[in-house]
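# Predicted model, plus sequence, below.
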Amino acid sequence: MKTFFITGVSSGLGRAFAAGALEAGHQVVGTVRRPEDVDTFESLSPGRAHARRLDVTDDAAVVRTVGDIESTVGPIDVVIANAGYGVEGTFEETPLSDLRAQFATNVFGVAATLQAALPYMRKRRAGHLMAVTSMGGLMAVPGMSAYCASKFAVEGLLESIRKEVAAFGVHVTAIEPGSFRTDWAGRSMTRAERSISDYDELFDPIRAARVEASGNQLGNPVKAAEAVLAILDEADPPAHLVLGSDALRLIAAARTAVDDDIKRWESLSRSTDFADGAQLAAK
């Protein structure tokens with residue numbers, strides 16, 4: 001039996017990950033925001049489902065919560081930093097306050113969670129740090145600049161952490177879901193007000209299509225949980241776990257576009273070197 005710490009288990013993928021882990025016989029400490037969600041979560045599996053009220057943007061509270069879990073529940077084997085939400089709107093129409101709030105939860109909330117758990121795992125020379133990014137962390141779409149920016153930031157964070165902790169037996173995985181049948185595009189979405197008619201032709205159909213698709217997405221959250229559980233006992237788990245055929249397709253297209261740019265402008269890129277400059281080795 002492993003001990004999971006999962007942020008944001010009230011609904012969506014966080015709830016699915018927690019339910020899947022509990023069904024597999026593990027114990028889960030899950031974070032919720034509302035008092036009424038405590039009993040609801042713990043009733044999923046009395047004795048193995050433990051709820052903690054937590055705002056992941058409160059750094060000190062995150063540290064206290066992780067310390068409490070380690071001392072009262074047990075050593076944390078798996079962290080899934082899942083808590084997050086989406087801000088929808090064109091960049092020009094999105095208030096900077098909304099962008100900052102998006103980063104506070106999606107980036108700094110993830111960073112606080114992972115940084116609080118890492119010292120325990122490093123000392124034990126074991127553990128698995130995961131964070132839910134998105135296909136929007138490896139590709140971007142119009143009308144989601146704040147969200148995609150936050151997820152790109154988490155991708156970079158995880159990539160660097162993974163290389164830092166590899167020698168300690170701590171694994172790091174970015175979970176990159178496509179569109180899943182959750183409330184992410186419904187009640188959980190923050191939508192910037194429209195104010196610039198120049199974007200109507202581009203963005204109005206995008207917003208309408210996302211609202212219409214909410215509740216009918218391709219991805220099955222139960223199967224997402226099964227996929228995450230499937231990599232836990234791998235000696236060499238993936239650094240990137242892409243979930244969903246839509247995510248596979250869109251990420252592949254985005255990576256091809258980047259590769260095409262690199263190839264097309266390779267000569268210009270090389271032209272900026274000093275002839276006698278030191279070549280940095282990638283690690």
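That came through fine. Numbering: from 1, shown residues only.
# from here on, contacts and neighbour counts on C-alpha atoms
OK.
# Just the element for residue 142, please.
Using DSSP states H and E, residue 142 maps to neither a helix nor a strand.
# what pLDDT does it get?
Residue 142 is assigned a predicted lDDT (pLDDT) of 94.
# Pull the contacting residues for it.
90, 203 (CA atoms under 8 Å, 6 or more residues apart in numbering).
# Next, it: phi, psi?
phi -70, psi 150 (degrees, to the nearest 10).
# what is the rounded mean pLDDT of stretch 70-85?
97.
# Now do the helices in the stretch 151-283 of the chain.
For the stretch 151-283 of the chain, the helices defined by DSSP state H, counting those that start in this stretch occupy 200-213, 221-230, 245-264, 266-270.
# Buried residues, the first one. List them.
When neighbours are counted by 16 or more other CA atoms under 10 Å, the buried residues of helix 200-213 are found to be 203, 206, 207.
# just the last one next, same as before
By neighbour count, and taking 16+ other CA under 10 Å as the criterion, helix 266-270 has no buried residues at all.
# just for the chain, where's the confidence low?
Along the chain, segments meeting pLDDT under 70 span 184-186, 282-283.
# where along it do the strands fall?
3-6, 27-32, 49-53, 78-81, 87-88, 127-132, 170-177, 190-191, 240-243 (DSSP state E).
# will you turn these into TSV that also has distance to residue 225 and mean neighbour count?
Shown next, in TSV, are the strands of the chain (distance: least, CA to CA, whole Å; neighbours: other CA atoms under 10 Å):
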stretch	distance to residue 225	mean neighbour count
strand 3-6	12	25
strand 27-32	13	26
strand 49-53	16	22
strand 78-81	11	24
strand 87-88	24	23
strand 127-132	12	24
strand 170-177	11	24
strand 190-191	25	16
strand 240-243	10	20
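# need those in a markdown table with distance to residue 230, can you?
What follows is those, written out as a markdown table (distance: least, CA to CA, whole Å):
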| stretch | distance to residue 230 |
| --- | --- |
| strand 3-6 | 14 |
| strand 27-32 | 16 |
| strand 49-53 | 20 |
| strand 78-81 | 13 |
| strand 87-88 | 31 |
| strand 127-132 | 13 |
| strand 170-177 | 13 |
| strand 190-191 | 32 |
| strand 240-243 | 11 |
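# Residue 43: which of these is closest?
Nearest to residue 43, of all these, is strand 49-53, at 7.4 Å by CA to CA.
# Show residues contacting that closest one.
22, 27-35, 38-39, 41-43, 65.
# how about a cut-off of 10 Å?
Here strand 49-53 makes contact (CA atoms under 10 Å, 6 or more residues apart in numbering) with 4-10, 18-19, 21-22, 26-35, 37-44, 61, 65-66, 68-69, 73.
# Next: stretch 63-76.
2-5, 27-29, 31, 48, 50, 52-54, 56, 59, 61-62, 112-118, 120-121, 124, 126-129.
# same question, stretch 266-275
So stretch 266-275 is contacted by 260, 262, 263, 279 (CA under 10 Å, 6+ apart).
# OK, contacts around the second one?
This means residue 262. Counted by CA under 10 Å, 6+ apart, residue 262 has contacts 256, 268, 269.
# could you dump the residues you listed to JSON lines with distance to residue 166?
Formatted as JSON lines, the contacts of residue 262 follow (distance: CA to CA, whole Å):
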{"residue": "256", "distance to residue 166": "28"}
{"residue": "268", "distance to residue 166": "35"}
{"residue": "269", "distance to residue 166": "31"}
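# State the distance from residue 115 to residue 4.
16 Å (CA to CA, to the nearest Å).
# cool, residue 189 as well?
26 Å.
# Pull the contacting residues for the residue nearest to the spatial centre of the chain.
Nearest to the geometric centre of the chain sits residue 132, at 2.1 Å (CA atoms, centre = their mean). With contacts defined as CA under 10 Å, 6+ apart, residue 132 is in contact with 13-14, 80-84, 106, 110, 151, 154-155, 173-177, 241.
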